[in-house]
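Participant: what follows is a predicted protein model with its sequence.
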Amino acid sequence: MKLKNIFMVAVVSVLCFHTVNSQEGLPIYTDYLTDNYYLIHPSMAGIANCSKVRLTSRQQWFGHEDAPKLSTLSINGRIGESSSAIGGILYTDKNGYHSQSGAYATYVHHLMFSRTESDLNMLSFGLSAGFIQYKLDETSFLFDGPDPIIDGVVQNETNFNIDLGFSYHFLDFYVHGTVKNMLKNAGVNNDIKITSNLRRYLFSLGNVFSKYGSEWSYEPSLMFQYKDGTQEASLDINAKAYKQMDFGKIWGGLSYRTSLDGAQYQTSSGTVASQKLQQITPILGVNYNEFVFAYTYTYQSNSVVFTNGGFHQLTLGYNFNCRRVRYDCQCPAVN
C-alpha cells in the first residue's frame, strides 16, 4: 500500500469512524447496553432497586502500539428510602499521544406518579458535574527547528464541565434525554480553529416485551446522538433478549451504529468516494445473583478502516443494598 493510501485510511478513521475520541469527554460506545445506562444518562443513577457498581475495560485494535484504551468505574444508588440518588464516575481514556482522565459526581431526583406501587410511572432529573484532565505528550515529537505549536513537553490542562438529563419510565416503556459537556473546554488545544464546543445531545427510547408467565423478554431500543461542534449525528439500533434463570438472568443482543453523515476519501485508483460509519456489536451477559458479567465485540463493516481488528470490552458489576422488587413490569433497568 502506498504511503498516500495509508495516510488516507488514517484520516478517514479519525474523522469518520468516531473511534478516536481524544479531548471530548467520556466516549460514547455501546457499553451502556451492558446494564450501564448511567454512563451516558446521569438521570439513571439510583433508578434500580439495587445500588450498582460497574467496571468496564475497552481495548481497540489489538496488536497496535498506543491503540485507544478506555476504562470506567461507576457507582450509583438511592439515598436511603428517599426519592434522591447519587452517583460517581471515574474514567481514563488513552489514544496515542492524547489521554484524558475524568471524575464526575451526580445528583438525581425521582418523581413518582404511580397510582399504586405496582404501576411504574416515574420521571427523573439528573445533574453531573466533574473535572477532565487533558494531556498531550509531545516529548517524542520530531521536528526540525522551532515550532510555535510544539513545545516538546507534556501539555496538561484541567477543565470543568456538567451534564444534564432526564428519564421517564412508564411500565415497560422508557425514554432518556441528556446534554453532555454543556460548557466549553479548550483543553490542550492552542489552535483557535479547533472547536472547544464539546456539547453532545443524546436521546434514547425503548420498550420491553414479554408474554405473561414467560421466562423470555425482548427489548428493542434506539439511541440518537448529535455532536454540536462538528454537526455529526449517529443512530444506534439495538435489540436484546433476556431469559430468567434460577440463579438470575442471561441475556444477549445486537447493536448496529450508523452515522447520518459521511466522509470522503481517495481510492487507490484516484477517484473520490464516500462512506459512513457502520459498526456491529454483539453483546453477551449474565446476572449471577448479585454479580454481572458482560462482553461486547465491535466490528467495523466499512470498506476502508484503520485495521480489520475489532474492539473488545468487558464489564464487571456488583449489585448491593437491594430492596424488594416493587413494580409489576418487564423493566430490567429498574427491577
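Facilitator: Yep, it's here.
Participant: what about the longest strand in this protein?
Facilitator: If you go by DSSP state E, the chain has its longest strand at strand 248-266.
Participant: any figure for the gap between Asn121 and Leu171?
Facilitator: Between Asn121 and Leu171 the distance is 8 Å, computed by C-beta to C-beta, to the nearest Å. Glycine gets a C-beta too; all of them are placed from N, C-alpha and C.
Participant: quick one: pLDDT of His98?
Facilitator: Looking at His98, its pLDDT reads 84.
Participant: tally of neighbours for it?
Facilitator: Neighbourhood size, His98 [other C-beta atoms under 10 Å]: 20.
Participant: ok, the one 3 residues further on next?
Facilitator: With neighbours defined by other C-beta under 10 Å, the count for Ser101 comes to 16.
Participant: and if you look at the one 4 residues further on?
Facilitator: The burial count assigned to Ala105 is 15, neighbours taken as other C-beta under 10 Å.
Participant: same check, this time on Leu260
Facilitator: With other C-beta under 10 Å as criterion, Leu260 counts 13.
Participant: roughly how far apart are it and Arg200?
Facilitator: Noted for Leu260: a distance of 14 Å to Arg200, by C-beta to C-beta.
Participant: which residues of the stretch 201-335 of the chain fall in strands?
Facilitator: In the stretch 201-335 of the chain, the segments counted as strands under DSSP state E, counting those that start in this stretch are 216-227, 232-244, 248-266, 272-288, 291-300, 311-320.
Participant: tell me the strands beside the second one, with direction?
Facilitator: Just to be clear, that refers to strand 232-244. The partner list of strand 232-244 in its sheet, established with DSSP bridges, is strand 216-227 (antiparallel), strand 248-266 (antiparallel).
Participant: with the last one instead?
Facilitator: Under the criterion DSSP bridges, strand 311-320 sits next to strand 51-60 (antiparallel), strand 291-300 (antiparallel) in its sheet.
Participant: so which of the ones you listed comes closest to Leu183?
Facilitator: Closest approach to Leu183 among these (C-beta to C-beta): strand 51-60, 25.2 Å.
Participant: and that closest one, how far out from the chain middle?
Facilitator: Distance, stretch centre to chain centre, for strand 51-60: 11 Å (C-alpha atoms, centre = their mean, to the nearest Å).
Participant: begin at 190 from now on, thanks
Facilitator: Let's use 190 as the start, then, which means that last one is strand 240-249.
Participant: so how far is Ser399 from the residue nearest to Ser272 when sequence neighbours are not counted?
Facilitator: Spatially, and ignoring its direct neighbours in sequence, Ser272 is nearest to His299 (4.9 Å; C-beta to C-beta, 6 or more residues apart in numbering). The gap separating His299 from Ser399 is 24 Å, by C-beta to C-beta.
Participant: for stretch 397-415, measure first residue to last.
Facilitator: Start and end residues of stretch 397-415 are separated by 25 Å (C-alpha to C-alpha, to the nearest Å).
Participant: what pLDDT does the model give Phe206?
Facilitator: 39.
Participant: quick one, what contacts Ser490?
Facilitator: Listed by C-beta atoms under 8 Å, 6 or more residues apart in numbering, the contact set of Ser490 reads Gln467, Gln468, Ile469.
Participant: which residues does the second one bridge with?
Facilitator: What it means is Gln468. Judged by DSSP bridges, the bridge partners of Gln468 are Arg446, Gln489.
Participant: give me the neighbour count for it.
Facilitator: Neighbours of Gln468 (other C-beta under 10 Å): 23.
Participant: confidence score at it?
Facilitator: With respect to pLDDT, Gln468 scores 90.
Participant: report the contact partners of it.
Facilitator: Contacts of Gln468 were listed using C-beta under 8 Å, 6+ apart, and they are Ser444, Tyr445, Arg446, Thr447, Thr487, Tyr488, Gln489, Ser490.
Participant: kindly recompute the last result at 7 Å.
Facilitator: Arg446, Thr487, Tyr488, Gln489 (C-beta atoms under 7 Å, 6 or more residues apart in numbering).
Participant: ok, the last one next?
Facilitator: By C-beta under 7 Å, 6+ apart, the residues touching Ile469 are Tyr445, Tyr488, Ser490.
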